[in-house]
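J.: Provided below for reference: sequence and predicted model.
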Amino acid sequence: MSGCSAVVNLVGVLNATPEGFREAHVELPRKLVEAMRADGPARLLHMSALNADPGEPHSLYLRTKGEGEALVHAAIEDGLKVTSFRPSVIFGPDDSFTNRFAGLLRLAPGIFPLACPEARMAPVYVEDVVDAFVAALEDEATTGRRCELCGPREYRLRELVEIIATTAGLRRRILGLSDALSRFQARLLQHVPGQPFTMDNYHSLQHPSICRENCLPALGIAPTALEAVLPHYLGPRRRQALLATWRASRLHH
Ligand SMILES: NC(=O)c1ccc[n+]([C@@H]2O[C@H](COP(=O)([O-])OP(=O)(O)OC[C@H]3O[C@@H](n4cnc5c(N)ncnc54)[C@H](OP(=O)(O)O)[C@@H]3O)[C@@H](O)[C@H]2O)c1
């Protein structure tokens with residue numbers, strides 16, 4: 001890191017073994033601040049998550065994220081200039097949230113069983129997250145802050161999945177599962193390759209992923225609405241473009 005002016009740590013895993021969570025969310029930040037103290041830049045931008053909390057009893061994702069965030073902020077006492085970011089779920093082209101639901105909805109035969117349909121979240125656009133990092137990098141007054149990042153609106157998960165289905169041109173009935181069935185689905189799907197839904201995800205979803213104080217406006221960024229962006233990568237025109245590319249590649253071969 002010598003010669004660098006700042007470190008941006010984006011490393012994270014949503015599904016892992018307990019050791020995997022610790023390695024990515026706690027041990028890596030520990031090594032990072034040790035290296036920065038020894039011979040590195042003083043400025044650290046660290047990606048955390050909304051509801052990250054070292055005292056979280058159930059979700060290892062949130063607990064280890066909270067431990068890592070506490071650890072990097074403790075390094076401020078040694079002179080490091082640390083700002084952390086706590087986004088709600090992030091959306092954008094190639095995300096693993098809206099695209100994953102669109103993919104699962106395409107496979108669903110008319111009815112889509114949805115776990116935790118009442119979970120609350122305020123999806124934030126990836127470009128806004130990037131702009132927040134850039135703004136904070138240039139503003140050392142954000143040192144010590146834990147910046148919450150949210151989109152302009154709060155949704156229930158059911159509503160979001162309905163919006164994703166409509167935007168992708170899919171007519172599906174969303175069947176909200178009860179709490180017991182949501183747990184059952186998580187226990188089942190965590191053994192499917194790719195782990196589309198796990199008990200750890202279930203526990204994370206029990207906390208509303210919404211901001212108490214959204215940092216975006218304070219950083220001079222107007223939060224972008226999901227509905228303004230989603231049609232550009234999930235909408236029918238996008239699908240037609242993909243189909244045309246696929247047909248062209250078949251002709252070529
Ligand atoms: N996406 C969201 O909705 C969301 C919401 C809140 C917070 N966040 C946080 O934002 C960050 C980026 O998320 P993302 O959605 O962009 O995830 P992502 O695409 O999976 O990126 C995570 C990155 O971490 C790296 N990584 C994972 N485990 C590692 C390890 N043990 N050692 C070194 N590198 C490792 C991955 O490298 P490889 O590609 O080589 O595996 C990848 O580059 C994460 O910290 C995540 O927790 C994301």
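T.: Arrived safely, thanks for sending.

J.: just the pLDDT for the closest residue in space to residue 40 that isn't next to it in sequence.
T.: Distances taken as CB to CB, 6 or more residues apart in numbering put residue 1 closest to residue 40, at 3.7 Å, once the chain neighbours are dropped. For the C-beta atoms, the positions are set from N, CA and C on the backbone; glycine is no exception. Per-residue pLDDT puts residue 1 at 86.

J.: same check, this time on residue 199
T.: Residue 199 is assigned a pLDDT of 98 by the prediction.

J.: could you count how many residues lie near the residue nearest to residue 40?
T.: When neighbours are counted by other CB atoms under 10 Å, residue 1 registers 13.

J.: so it versus the ligand, what's the distance?
T.: Distance, residue 1 to the ligand, by CB to the nearest ligand atom, to the nearest Å: 15 Å.

J.: what about the residue in the stretch 51-200 of the chain that the ligand sits nearest to, neighbour count?
T.: For the stretch 51-200 of the chain, the residue closest to the ligand is residue 90, as judged by CB to the nearest ligand atom, at 3.7 Å. With neighbours defined by other CB under 10 Å, the count for residue 90 comes to 20.

J.: which residues touch the residue nearest to residue 40?
T.: Residue 1 makes contacts with 7, 35, 36, 39, 40, 41, as judged by CB atoms under 8 Å, 6 or more residues apart in numbering.

J.: which of those residues has the most neighbours?
T.: When neighbours are counted by other CB under 10 Å, residue 36 leads those with 24 neighbours.

J.: so residue 121 sits against residue 88, correct?
T.: Yes - using CB atoms under 8 Å, residue 121 makes contact with residue 88 at a distance of 5.2 Å.

J.: for these two, indicate the residue with more neighbours.
T.: Neighbour count, other CB under 10 Å: between residue 121 and residue 88, residue 88 has more, with 25 against 22.

J.: so who does the more buried one touch?
T.: So residue 88 contacts 50, 121, 122, 123, 124, 149, 150, 151, 209, 210, 211 (CB under 8 Å, 6+ apart).
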